[in-house]
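# Return atomic coordinates for the entry below.
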Amino acid sequence: MSPAQSIWAADALLPSGWARDVSLQWDEQGRLLDVKAGVVPAPGQTHASGPLIPGTPNLHSHAFQRVFGGLTEYRAQAQDSFWSWRDLMYRIASQIGPQQIETIATWLYVEMLEAGYTSVCEFHYLHHDPQGRPYDQPEMALALLRAAQRTGIGLTLLPVLYQTGGFGGTAPNEGQRRFLHDTPSMLKLLDTLRPLCVAQGAALGIAPHSLRAVPPEALRDAIKGLDALDPAAPIHIHIAEQVKEVQDCVAWSGQTPVRWLLSNMDVDRRWCLVHATHMTPDETRDAARSGAVAGLCPTTEANLGDGLFDMANWRAAGGQWGVGSDSHATVNAAEELQWLEYGQRLITQQRNVLADTQHPHVATAMTLAAVAGGAQASGRALGGLAKGQQADMIELDANHVALAGLNAQDQLSAHVFASHRTSGVNRLWVAGQVQVQAGRHVLRDEAASAFIAVRQSLLAQT
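Numbering: from 1, shown residues only. Presented below is the predicted three-dimensional model:
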């Protein structure tokens, strides 16, 4: 057993729960070959200095939006909403070029790794130049691939299909011109990106932006074309995020967005329903039973005033879920879990809502659920510390003031609920390679400086 490709931990969170005296071994590709509990360490084997937990997949990200974090927190009109926020977002988006998005994404991915995300699903819709003209090559997507490769984060790239400005084929507005692809050009883009993704171990899927942005025929044709390229590729869609979206969909079709999707598309385990905030109990049950993952982004949903997800009915129907940082109001995997649990506490007026009978510690139950759902939505072998899965894992900082002196399960609870917005991550591995050491990524200072410069430049132009 090579010390460089294995580690022994006194405590590790496996898919079945916490285990003692665990040895993990992986191959040169970063795939776990063996995970054994109740064993003594091999001679020369590296020891973890704190509990090992699986890395969390971030199942929803718009990387470019990190650059205006904190800059929309003022009242721009008598009653602010998602829709007024969107107008401000478009103003920033209109200025960003390939070099700038690479710089923004590089810093964001460093932040994600330091905060416990080991992979990201990039919902990428900033395709064209500021005038809406296609680049000769897909420069914006290539910039994201480079940022992921440079930082070491795992990637599921989801080019966004965006065609209309509203239900019923409403023409797109000026702020949306950089997003637009007809269906043949989107399928050509996927064909171009596929070998590049394969070359760096990234997954490739598609993201029909929303039912308001993709007409029915285009949605069907795009999924058919994706199936021809890769019948297992993930499909992510924004759906039922806002009450106005639901009302507009009913006015257009006579059905709510989720009901229309379930009635007209073969929704299954490949699908990730991002937000799905405003569903009826029947829709919640049927969507959960389809096998789709609910992509929940609690800090962004709170920031935008979206509302709260019906987790009780979703879980009762056996639904899978995962978390994402979306617009990156917060970039911290533990904090997304904290906000998700706290939202459910406010709805139910109870505590430890997302615990279950097998895992009464809510942080343990939530971590395992977020990893399982995030892996499914990512379309990659990221299902935790188990043989055949990728060696994506986190060593908690046992000396962190919020964690020190506690047992492993309580350390995870303290990491999620008591770390005062600081990270309890000590080391982090992606595919068996250390990307964070002593809580810091090697690119932290360089990436942060470049990000600040880009933000200043963009604000000067806006």
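# can we go C-alpha only for contacts and neighbour counts from here?
Noted.
# three-state assignment of residue 121?
strand (DSSP: H, G, I helix; E, B strand; the rest coil).
# which residues sit in contact with it?
Contact analysis of residue 121 by CA atoms under 8 Å, 6 or more residues apart in numbering lists 57-61, 155-158, 378.
# surely residue 377 meets residue 271?
Yes - shown here, residue 377 and residue 271 form a contact pair, counting by CA atoms under 8 Å, at 7.0 Å.
# And the two? Which one has more around it.
Legend: neighbour count by other CA atoms under 10 Å for residue 377 and residue 271, higher for residue 377 (33 against 25).
# Show me whatever sits in contact with both of residue 377 and residue 271.
234, 236, 293.
# Those residues in strands, which ones?
Within the shared contacts of residue 377 and residue 271, residues falling in strands by DSSP state E are 236, 293.
# List only buried entries from the shared contacts of residue 377 and residue 271.
Among these, those scoring as buried are 234, 236, 293 (criterion: 16 or more other CA atoms under 10 Å).
# Specify the beta-bridge partners of the last one.
Taking DSSP bridges as the rule, residue 293 bridges to residue 272, residue 320.
# could you redo the shared contacts of residue 377 and residue 271 as JSON lines and give each row pLDDT and distance to residue 138?
Output for these, formatted as JSON lines (pLDDT from 0 to 100; distance: CA to CA, whole Å):
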{"residue": "234", "pLDDT": "98", "distance to residue 138": "20"}
{"residue": "236", "pLDDT": "99", "distance to residue 138": "20"}
{"residue": "293", "pLDDT": "98", "distance to residue 138": "29"}
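# any chance of the shared contacts of residue 377 and residue 271 in TSV, with distance to residue 265 too?
TSV is the format used below for these (distance: CA to CA, whole Å):
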residue	distance to residue 265
234	14
236	13
293	15
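# quick one: which of the shared contacts of residue 377 and residue 271 is nearest residue 67?
Checking the shared contacts of residue 377 and residue 271 against residue 67 with CA to CA, the nearest one is residue 236 at 23.2 Å.
# how much space is there between that closest one and residue 199?
As for residue 236, its distance to residue 199 is 22 Å (criterion: CA to CA, to the nearest Å).
# Name the next helix or strand following the lowest-mean-pLDDT helix or strand in the chain along the chain.
Scoring the helices and strands of the chain by mean pLDDT, DSSP states H and E places helix 82-93 at the bottom, with a mean of 76. Using DSSP states H and E, the helix or strand that follows helix 82-93 towards the C-terminus is helix 98-114.
# List of residues touching that following helix?
The contact list for helix 98-114, computed with CA under 8 Å, 6+ apart, reads 63-64, 66-67, 118, 139-140, 143-144, 146-148, 150-151, 153, 331-333, 423, 425, 428, 435-436, 439-441, 443-444, 447-448, 450-451, 454.
# Next, the buried residues of it.
Those would be 98, 100-114, for helix 98-114 by 16+ other CA under 10 Å.
# And stretch 203-218, by the same measure?
Buried-residue list, stretch 203-218, by 16+ other CA under 10 Å: 203-216, 218.
# Among these, which one sits closest to residue 371?
Using CA to CA, those come closest to residue 371 at residue 203, 16.7 Å.
# what helix or strand does the residue lying closest to the closest one once chain neighbours are set aside sit in?
Excluding the flanking residues, the one nearest residue 203 by CA to CA, 6 or more residues apart in numbering is residue 156, at 4.5 Å. Residue 156 belongs to strand 154-161 when assigned by DSSP H and E.
# any idea whether residue 363 is helix, strand or coil?
helix.
# My guess is it contacts residue 412. True?
Yes - the pair residue 363 / residue 412 is scored as a contact, 6.4 Å apart, by CA under 8 Å.
# Quick check, pLDDT for residue 1.
pLDDT, residue 1: 41.
# wait, residue 75
For residue 75, the predicted pLDDT is 72.
# next one: the one 4 residues further on
The per-residue pLDDT reported for residue 79 equals 69.
# do residue 354 as well
Confidence for residue 354, expressed as pLDDT, is 98.
# where in the stretch 1-150 of the chain is pLDDT low?
Within the stretch 1-150 of the chain, the ranges that satisfy pLDDT under 70 run 1-4, 76, 78-79, 81, 83-84.
# circling back: nearest to residue 357, of the shared contacts of residue 377 and residue 271?
Using CA to CA, residue 293 is the member of the shared contacts of residue 377 and residue 271 that sits closest to residue 357, with 21.5 Å.
# if I look at the closest one, how far off is residue 233?
Distance from residue 293 to residue 233, by CA to CA: 14 Å.
# next one: residue 18
Here residue 18 is placed at a distance of 32 Å from residue 233 (CA to CA).
# can I assume residue 325 is in contact with residue 58?
Yes - counting by CA under 8 Å, residue 58 is a contact partner of residue 325 at 6.7 Å.
# Quick check: neighbours shared by the two?
Common neighbours of residue 325 and residue 58 (CA under 8 Å, 6+ apart) are residue 333.
# The two: which is more packed in?
Just comparing residue 325 and residue 58: by other CA under 10 Å the higher neighbour count belongs to residue 58, 34 against 29.
# count of neighbours near the residue nearest to residue 29 when sequence neighbours are not counted?
Among residues not flanking residue 29 along the chain, residue 431 sits closest, at 6.8 Å (CA to CA, 6+ apart). Neighbourhood size, residue 431 [other CA under 10 Å]: 24.
# Kindly report the same for residue 409.
The number of residues packed near residue 409 is 19, by other CA under 10 Å.
# ranges for the strands of the stretch 151-300 of the chain?
154-161, 203-204, 207-208, 235-239, 271-275, 293-296 (DSSP state E, counting those that start in this stretch).
# okay, those, which one's buried deepest?
strand 293-296 (a mean of 29; mean count of other CA atoms under 10 Å).
# ok now that one, how far from the chain's centre?
Put simply, strand 293-296 sits 9 Å off its chain's centre (CA atoms, centre = their mean, to the nearest Å).
# and if you look at stretch 394-406?
The answer for stretch 394-406 is 25 Å, by CA atoms, centre = their mean.
# what about it, start to end distance?
In stretch 394-406, first residue to last residue: 17 Å (CA to CA).
# Not counting it itself, show me its contacts.
48-55, 116, 410-412, 414-415, 418-419, 424-429.
# Look up how far residue 417 lies from the closest residue to residue 26 other than its chain neighbours.
For residue 26, ignoring the flanking residues on the chain, the nearest one in space by CA to CA, 6+ apart is residue 32 at 4.1 Å. Separation of residue 32 from residue 417 (CA to CA) stands at 30 Å.
# More neighbours: the two, which one.
Neighbours were counted for residue 32 and for residue 417 using other CA under 10 Å; residue 32 has more, 24 against 20.
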